[in-house]
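Asker: structure for the following, please:
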Amino acid sequence: MKSNNRLLYGIILTVLVLWASSAGVIILTLDDWSSRGTFGDLFGAINALFSGLALAGLVYSLYRSREELGLQREEIELNRKELIKSRKTQEKSEKALEEQARQLRAASKINGLKILIDYYTGILADAQKPEDIKEQARTRRRELIKEVDSLIDRLSDDELE
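Answerer: Next up, the predicted model:
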């Protein structure tokens, strides 16, 4: 941005120097004011030409600005669409992680129940354990097996995949 300002200031300074030096050259080369006025009138058409060119430049820059705004608008729209896609992908990922966490909780609970069932099965297999303890182990083992069955029944087939 600063280099653009420097260029603009340089152009303005150059035009001012040329303008002032042309006035000096005209005053030094032409002797009387009537010849100077006639010489100046020769440039009336050039003044109109430069004014027309300046207007054309202004119209062109406005047209280019409008095109750039259109491009910016398209770019903003593309960014908005990408953000929507990204948000949808993030939501899907979040749902998948939640489902995975739920399945991991269910699997860990079933694993814990299996360990308890194995423990009570070991008690039942031990010949040295008294019969009343074995009966308590059988009862508790049946309850745990029912709980595992209940957990599996609550999970649908697509949740197990």
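
Asker: how about Ala127, phi and psi?
Answerer: The phi and psi torsions at Ala127 (degrees, to the nearest 10) take the values phi -70, psi -20.

Asker: give me the neighbour count for it.
Answerer: Using other Cβ atoms under 10 Å, Ala127 has 6 neighbouring residues. Yep, even glycine has a C-beta here, placed from its N, CA and C like the rest.

Asker: heading C-terminal from the longest helix along the chain, find the next helix or strand.
Answerer: For the chain, the helix with the greatest residue count under DSSP state H is helix 44-125. Helices and strands here follow DSSP states H and E; after helix 44-125, the next one along the chain is helix 131-154.

Asker: got the angle between that following helix and helix 44-125?
Answerer: If you take axes from the mean of the first three to the mean of the last three Cα atoms, to 10 degrees, helix 131-154 sits at 150 degrees to helix 44-125.

Asker: hmm, who's touching helix 131-154?
Answerer: 106, 109-110, 113-114, 116-117, 120-121, 123-124, 129 (Cβ atoms under 8 Å, 6 or more residues apart in numbering).

Asker: and those residues as a markdown table, adding distance to Tyr63 and pLDDT?
Answerer: As requested, the contacts of helix 131-154 are exported to a markdown table (distance: Cβ to Cβ, whole Å; pLDDT from 0 to 100):
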| residue | distance to Tyr63 | pLDDT |
| --- | --- | --- |
| Ala106 | 65 | 85 |
| Lys109 | 69 | 88 |
| Ile110 | 71 | 87 |
| Leu113 | 75 | 89 |
| Lys114 | 76 | 91 |
| Leu116 | 80 | 89 |
| Ile117 | 81 | 90 |
| Tyr120 | 86 | 89 |
| Thr121 | 86 | 89 |
| Ile123 | 90 | 87 |
| Leu124 | 91 | 87 |
| Lys129 | 96 | 87 |
